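A.B. asks: need a 3D model of the following:
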Amino acid sequence: MLMKKRFSILSAILIVLADSATVFPQGQDTVALVGDTCAIRFQELQKYVVDYHYDLNYKRKPPEFKYDAALNVMIVNQLKRIDFFQLGLQSDEQLLESARRSINEELVIEYFDREFAGKYVNDKSTHDAYKQMKRQVVYERFLVDLSAGDSAAAVDSVNAAAARLRSELDHGKGFKDLVGDCRLWFATAKTNEDTGTVAWRQTLTSPSENVIFNLRVGGVAVFKGAEALEIVKVIKKQPLEVEPFEKVKDEIFNLLQKAFADKCLDDYDKAKKKLIDENRCEWNQKALEQIIAWSSIRGFYDKKLYADTLTREISQGRNFLILRYPGGKVDLKEYLRLLNDVLILPQRPSYKVGDLKNFLLEALRTDKIVKKAMALHLERNIFNANTADPVLKNRIVRLYDQKEIEAKIPELTEKTIEEFYAAHRSSLYYEPTFVTIDAIILANKDSIDVLWQKHFSGVPFDKLASRWFVKTFAKYRFDDTIRSFLSIEPPFLGNAAFTLTLNEVAGPVKYFDPDHGMQYAIIKCIENTPEKQLTLEEARQRIPNDYKNAERQKIENETAERLKKKYGFKVYEDVLMRNISSVK
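C.D. replies: Prediction:
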């Protein structure tokens, strides 16, 4: 992830939340093993619970319930990813069409990591750095402060003085012997002696400390500045105790990435720029202006209007040329491919010709990088069942669902509509009695009594407070139960709400909320809808969507059970419960 954050040279990469599962040996925090290859750690499960709001949606359920529900989804999603590649769906180009740009973005990053970052940050450099961590350098430092007002001539002689000081140190003279010499050369100079140490971590952020760290014992370095002269001599190198390599290797890797980030990106930019010679490009000005006119349409790119527009133009024989460059050209058809597969132009209120030219050059160069990555077979590194990329993890599951679930939903016929209505008449197409209220809720009884007295004296409900809550309750005929509608909150005010007629006000109503303690409310009925049994014709418009959802869930459940049997999984209940207990 560190490289991605630094990788601003790419187009903006959509970051979405994803269930995380990583291939690694079973450890103390491994709560499940999926298909014998993929372990799910409790930290990943915990993040999934929060990211997908299991903690809120199952707020009043025991912790075990929400963790079990989230873990089951993570397991099924991983099984889908495994089956996706077992079925060979990665070779279905039509299916992958919508994911191609995401895959290509990750391919560029993979290519960058291998061909550029990999030169400096790899297993060897990480092990070499670990060896360096095991020692530190102790040095003497002699600082000559030249900011006290020496003459320009004296300051000009710093180079000569530095060379002389270094020579005398090399020939055995000590720092203490240099004080007198410095006072002869710089009448107003202040001198200071001390000792210091340099360890490997410091070398990554300080060029001067990197020089000192790599000096031999007795070696001398001189650092010249406008207002100071610093002479350093290494007096010894001593060992440092460090943690085992396995514990610090990730830290070392990250530190190296940061240290070489600018160098890697600079190398990448230079190599990428050479892929297309801008000076040899031939642009069609009229074509650029037409694309700018289209691009200025609201939603042209972010709502994918571009696909319909460009496809229509191409089908009607207007596949005009936009650019010729050494080794290729960009016409409308190629522009559409670049947008779909490589980069998308960010939506803006307006564009200039220069913006479009820069985008096209960036897209073409990125496309060449993608082809280089494909030639190195890097796709298998990022597009696989155990990919760590959150975008691709979610994308693979969606593609699998599209092929193995959505495509298998039976066609809806008139007979199916009638059968579905008959089967769900009393559930989906029965509307219970609804009551909606406005509620002023306070925790202080005296305060609510004051408001109630004002209302009793003639103040309208709407004038009693600057804010109130809107709550809707439903009562079902089959069990006469009152429930909160579209809310996980218990129906604290439900019974009181169903005693009101339209616009009637009641209060104070007292109730106990486990999260907030004793509460007091003044309520007003603002809507009261009687129960209704929808006829087939009244329900007809809703049936297609309800039918699709029901069939999708049925196939989803069958698929989950099939995949669990096909590939297997194991949940480590003891590890799961121990970790749940630790966060209660």
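
A.B. asks: contacts only, for the nearest residue to Gln290 once chain neighbours are set aside.
C.D. replies: Of all residues not flanking Gln290 in the chain, Phe320 sits nearest, at 7.6 Å (Cβ to Cβ, 6 or more residues apart in numbering). Every C-beta, even on glycine, is put in place using the N, C-alpha and C of the backbone. Neighbouring residues of Phe320 by Cβ atoms under 8 Å, 6 or more residues apart in numbering: Asn284, Ala287, Gln290, Asp331, Leu332.

A.B. asks: among these, name the buried ones.
C.D. replies: Buried residues within the contacts of Phe320, counting neighbours by 16 or more other Cβ atoms under 10 Å: Asn284, Ala287, Gln290, Asp331, Leu332.

A.B. asks: between those residues, which sits nearest Leu275?
C.D. replies: When the buried ones among the contacts of Phe320 are compared for distance to Leu275 (Cβ to Cβ), Asp331 comes out closest, at 19.7 Å.

A.B. asks: please name the residues that touch the closest one.
C.D. replies: Asp331 neighbours (Cβ under 8 Å, 6+ apart): Asn319, Phe320, Leu321, Ile322.

A.B. asks: so which of those residues is the closest to Glu168?
C.D. replies: Among the contacts of Asp331, Ile322 lies closest to Glu168 (Cβ to Cβ), at 68.9 Å.

A.B. asks: now do the end-to-end distance for stretch 403-419.
C.D. replies: By Cα to Cα, to the nearest Å, the extent of stretch 403-419 from end to end equals 26 Å.

A.B. asks: going along the chain, name the helices of the stretch 301-450 of the chain.
C.D. replies: For the stretch 301-450 of the chain, helices defined by DSSP state H, counting those that start in this stretch occupy the ranges 305-315, 332-341, 353-375, 379-382, 390-404, 414-424, 445-456.

A.B. asks: okay, those helices in a markdown table with distance to His53 next?
C.D. replies: Listed next are these as a markdown table, based on distance: least, Cβ to Cβ, whole Å:
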| stretch | distance to His53 |
| --- | --- |
| helix 305-315 | 32 |
| helix 332-341 | 33 |
| helix 353-375 | 36 |
| helix 379-382 | 28 |
| helix 390-404 | 16 |
| helix 414-424 | 27 |
| helix 445-456 | 32 |
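
A.B. asks: so can I have a markdown table of the buried ones among the contacts of Phe320 showing pLDDT and distance to Pro491?
C.D. replies: Below are the buried ones among the contacts of Phe320 laid out as a markdown table (pLDDT from 0 to 100; distance: Cβ to Cβ, whole Å):
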| residue | pLDDT | distance to Pro491 |
| --- | --- | --- |
| Asn284 | 96 | 67 |
| Ala287 | 96 | 63 |
| Gln290 | 95 | 60 |
| Asp331 | 97 | 63 |
| Leu332 | 96 | 59 |
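
A.B. asks: now the two most distant members of the residues you listed.
C.D. replies: The widest separation within these (Cβ to Cβ) is 12.3 Å, between Gln290 and Asp331.

A.B. asks: just for the protein, where's the confidence low?
C.D. replies: For the chain, the stretches with pLDDT under 70 are 1-28, 145-162, 165, 169-170, 172-193, 226-227, 584.

A.B. asks: care to break it down by domain?
C.D. replies: Following automatic domain parsing, the chain resolves into domains at 1-126+262-424+548-584, 135-239, 430-533.

A.B. asks: quick one: closest of those domains to Lys249.
C.D. replies: Proximity to Lys249, assessed across these by Cβ to Cβ, is greatest for domain 1-126+262-424+548-584 (5.8 Å).

A.B. asks: quick one, what contacts Ala32?
C.D. replies: Ala39, Ile40, Leu71, Met74, Ile75, Phe569, Lys570, Val571, Tyr572, Leu576.

A.B. asks: closest to Asn340 out of the residues you listed?
C.D. replies: Lowest distance from Asn340 to the contacts of Ala32 (Cβ to Cβ) belongs to Met74, with 30.8 Å.

A.B. asks: please enumerate the helices of the stretch 51-200 of the chain.
C.D. replies: Using DSSP H, counting those that start in this stretch, helices in the stretch 51-200 of the chain cover 54-57, 63-86, 93-96, 100-112, 118-120, 123-133, 152-156, 158-170, 175-185, 200-203.

A.B. asks: for the first one, what is the distance to the chain centroid?
C.D. replies: Yep, that's helix 54-57 we're talking about. Distance, stretch centre to chain centre, for helix 54-57: 21 Å (Cα atoms, centre = their mean, to the nearest Å).

A.B. asks: with the last one instead?
C.D. replies: Once both centres are worked out by Cα atoms, centre = their mean, helix 200-203 turns out to sit 30 Å from its chain's centre.

A.B. asks: from Tyr48, how far off is Cys38?
C.D. replies: Look at Cys38 and Tyr48: by Cβ to Cβ, to the nearest Å, they are 14 Å apart.

A.B. asks: ok, Thr499 next?
C.D. replies: With distances taken as Cβ to Cβ, Thr499 is found 43 Å from Tyr48.

A.B. asks: now do Ile405
C.D. replies: Note on Ile405: its distance to Tyr48, by Cβ to Cβ, is 21 Å.

A.B. asks: more neighbours, these two?
C.D. replies: Here Ile405 and Tyr48 are compared on neighbour count by other Cβ atoms under 10 Å; more neighbours surround Tyr48, at 22 against 18.

A.B. asks: that one touches Met74, doesn't it?
C.D. replies: Yes - the pair Tyr48 / Met74 is scored as a contact, 6.0 Å apart, by Cβ atoms under 8 Å.

A.B. asks: now the contacts of Asp331 in a markdown table, with distance to Lys270?
C.D. replies: Formatted as a markdown table, these follow (distance: Cβ to Cβ, whole Å):
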| residue | distance to Lys270 |
| --- | --- |
| Asn319 | 34 |
| Phe320 | 33 |
| Leu321 | 30 |
| Ile322 | 26 |
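
A.B. asks: return the member of those residues nearest to Leu343.
C.D. replies: Proximity of these to Leu343 (Cβ to Cβ) peaks at Ile322, which lies at 14.9 Å.

A.B. asks: what's the local residue count around the closest one?
C.D. replies: Neighbours around Ile322, by other Cβ under 10 Å: 21.

A.B. asks: contacts only, for it.
C.D. replies: By Cβ under 8 Å, 6+ apart, the contact list for Ile322 reads Trp283, Asn284, Ala287, Leu288, Ile291, Val330, Asp331, Leu332, Glu334, Tyr335, Leu360.

A.B. asks: out of those residues, flag the one nearest to Thr413.
C.D. replies: Within the contacts of Ile322, proximity to Thr413 (Cβ to Cβ) peaks at Leu332, which comes in at 41.0 Å.

A.B. asks: ok so, going back, quick one, which of the helices of the stretch 301-450 of the chain is nearest to Lys224?
C.D. replies: Lys224 sits nearest to helix 353-375 of all the helices of the stretch 301-450 of the chain, at 41.7 Å, using Cβ to Cβ.

A.B. asks: please put the alpha-carbon coordinates of that closest one into PDB.
C.D. replies: The C-alpha trace of helix 353-375 is given here as PDB (Å, rounded to 0.1, in the frame of the first residue of the first chain):
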ATOM      1  CA  VAL A 353      -6.500  21.300 -25.900                       C
ATOM      2  CA  GLY A 354      -3.400  20.900 -23.800                       C
ATOM      3  CA  ASP A 355      -5.300  18.900 -21.200                       C
ATOM      4  CA  LEU A 356      -6.500  16.400 -23.900                       C
ATOM      5  CA  LYS A 357      -3.000  16.100 -25.500                       C
ATOM      6  CA  ASN A 358      -1.400  15.400 -22.100                       C
ATOM      7  CA  PHE A 359      -4.000  12.900 -21.300                       C
ATOM      8  CA  LEU A 360      -3.600  11.000 -24.500                       C
ATOM      9  CA  LEU A 361       0.200  10.900 -24.200                       C
ATOM     10  CA  GLU A 362      -0.200   9.600 -20.600                       C
ATOM     11  CA  ALA A 363      -2.700   7.000 -21.700                       C
ATOM     12  CA  LEU A 364      -0.500   5.800 -24.600                       C
ATOM     13  CA  ARG A 365       2.600   5.600 -22.400                       C
ATOM     14  CA  THR A 366       0.700   3.800 -19.700                       C
ATOM     15  CA  ASP A 367      -0.700   1.400 -22.400                       C
ATOM     16  CA  LYS A 368       2.900   0.600 -23.400                       C
ATOM     17  CA  ILE A 369       3.800  -0.100 -19.800                       C
ATOM     18  CA  VAL A 370       0.800  -2.400 -19.500                       C
ATOM     19  CA  LYS A 371       2.000  -4.400 -22.600                       C
ATOM     20  CA  LYS A 372       5.500  -4.600 -21.100                       C
ATOM     21  CA  ALA A 373       4.000  -6.000 -17.900                       C
ATOM     22  CA  MET A 374       1.900  -8.500 -19.800                       C
ATOM     23  CA  ALA A 375       5.000  -9.700 -21.700                       C
END
